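Engineer: dropping a prediction and its sequence here:
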Amino acid sequence: MEQGKDYIVRATAAEGQVRAFAIRSRKLVEQARIYHNTSPVMTAALGRLLSGGAMMGVMMKGEKDLLTLQVRGSGEAKGMTVTADSQGNVKGYPQVPDVMRPPNAEGKLDVGGAIGSGILSVIKDIGLKEPYVGQVALQTSEIAEDLTYYFAASEQVPSAVGLGVLMNRDNTVRQAGGFIIQLMPGAGEGIVGALEAAMAKMDSVTEMLEQGDTPEMLLERLLGSLGLEVLGHIPAHYRCDCSKERVSRAVASIGAKDLRELAESCEPIEVACQFCGRRYVFTPEDMEGLLERSQA
């Protein structure tokens, strides 16, 4: 892939007994930081969830499949939402973008403290009548460990997840990326042992990215001894597909009584997209039209 571009690698190892994904996501995490003007700890929190969500998105098969990750916590951050499709596009927003916290005991950005205890929800809309919803309690609120626990508890897939975001002194994003390694049913004990040994010797995701590692090199460090085979590359982007029509559907959901009041107010209202901040103006005539459509 082109130097510096964000992308996801899909791979397998141990003759199909392991599947793996890795991502470089610096540009898309920086785009999210710009859109939401996040503090460093919230850039790290949202960046980890965006990176994990992008990889989980490409695990889905259907072109129109959508994945949503929601974190709800007791800390000052309150929560975050990320949505990804199966083509490497991802978007997200924090509920409170400007949380400031001192570093944690290890001297790192205190993502777990900002989020607090709470719930991780994974919602998959794969074209069925009802979306699949899996929920688990947050284990550390540091995101990677929480996704690891989700895979084991809700999908019964033993997994290893690593995610990282490194900031520059001017609070822009220096590095971002991660990996997801999953054991397929019937994977032997020797494979588990080899993976555990490789994990124990690894640096953190951000340290490896800072050393110049590509997503392929991250996976080589983990799975090189198991016969890593790269299956493909998928460009990754922060992409918001909002439009006035989409936003109008959200506005229409407030109910007939409130729509009528807005239509009668004679004042236009401005609605901002949560994912990218783009602003849409709705006139009283627009509100009248939404009211008529909601009652049709």
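Structural biologist: Okay, I see it.
Engineer: now do the helices in this protein.
Structural biologist: With DSSP state H as the criterion, the chain has helices at 26-36, 40-57, 111-115, 144-154, 189-201, 205-210, 215-223, 244-252, 256-263, 284-295.
Engineer: output those helices as a markdown table; include the columns mean pLDDT, distance to Asn104 and mean neighbour count.
Structural biologist: C-beta: built from backbone N, CA, C; applies to glycine. Formatted as a markdown table, the helices of the chain follow (pLDDT from 0 to 100; distance: least, CB to CB, whole Å; neighbours: other CB atoms under 10 Å):
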| stretch | mean pLDDT | distance to Asn104 | mean neighbour count |
| --- | --- | --- | --- |
| helix 26-36 | 98 | 20 | 22 |
| helix 40-57 | 98 | 10 | 28 |
| helix 111-115 | 97 | 6 | 25 |
| helix 144-154 | 97 | 14 | 20 |
| helix 189-201 | 88 | 21 | 13 |
| helix 205-210 | 95 | 15 | 20 |
| helix 215-223 | 96 | 24 | 22 |
| helix 244-252 | 86 | 36 | 14 |
| helix 256-263 | 83 | 43 | 15 |
| helix 284-295 | 83 | 46 | 15 |
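Engineer: looking at Gln3 now. What's its pLDDT?
Structural biologist: Per-residue pLDDT puts Gln3 at 67.
Engineer: could you do Ala11 as well?
Structural biologist: If you check Ala11, the pLDDT there is 98.
Engineer: surely it meets His233?
Structural biologist: No. Contact criterion CB atoms under 8 Å: Ala11 and His233 do not qualify, at 10.1 Å.
Engineer: so which of those two has more stuff around it?
Structural biologist: Between Ala11 and His233, counting by other CB atoms under 10 Å, Ala11 is the more crowded of the two (22 against 15).
Engineer: which residues does that one bridge with?
Structural biologist: Beta-bridge partners for Ala11, by DSSP bridges, are Ala20, Val230.
Engineer: please shift the residue numbers so they start at 11 in all later answers.
Structural biologist: Yep, numbering from 11; the last one is Ala21 now.
Engineer: list the contacts for it?
Structural biologist: Neighbouring residues of Ala21 by CB atoms under 8 Å, 6 or more residues apart in numbering: 29-32, 226, 229, 233, 238-241.
Engineer: just checking, Leu229 touches Leu238?
Structural biologist: Yes. At 5.7 Å, Leu229 and Leu238 qualify as touching, with contact defined as CB under 8 Å.
Engineer: overlap in contacts of those two?
Structural biologist: Residues touching both Leu229 and Leu238 (CB under 8 Å, 6+ apart) are 21, 30.
Engineer: in ChimeraX, how would I select the buried members of the contacts of Ala21?
Structural biologist: Buried subset of these, written as a ChimeraX selection, criterion 16 or more other CB atoms under 10 Å:
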select :29,30,31,32,226,229,233,238,239,240
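Engineer: quick one: which two of the contacts of Ala21 are the most distant?
Structural biologist: The span of the contacts of Ala21, defined through CB to CB, is set by Arg29 and Glu226 at 15.0 Å.
Engineer: mind pulling the model confidence for the closest residue in space to Met65 that isn't next to it in sequence?
Structural biologist: Nearest non-adjacent residue to Met65, counting by CB to CB, 6 or more residues apart in numbering: Phe31, 4.3 Å away. On pLDDT, Phe31 comes in at 98.
Engineer: how close does Phe31 get to Ile125?
Structural biologist: 23 Å (CB to CB, to the nearest Å).
Engineer: list the contacts of stretch 228-237.
Structural biologist: 19, 21, 23-25, 28, 30, 32, 170, 172, 187, 189, 191, 201, 204-205, 208-209, 212, 215, 218-219, 223, 238, 240.
Engineer: gap between the two ends of it?
Structural biologist: From its first residue to its last, stretch 228-237 covers 14 Å (CA to CA, to the nearest Å).
Engineer: how many neighbours does Lys134 have?
Structural biologist: Counted with other CB under 10 Å, Lys134 comes out at 18.
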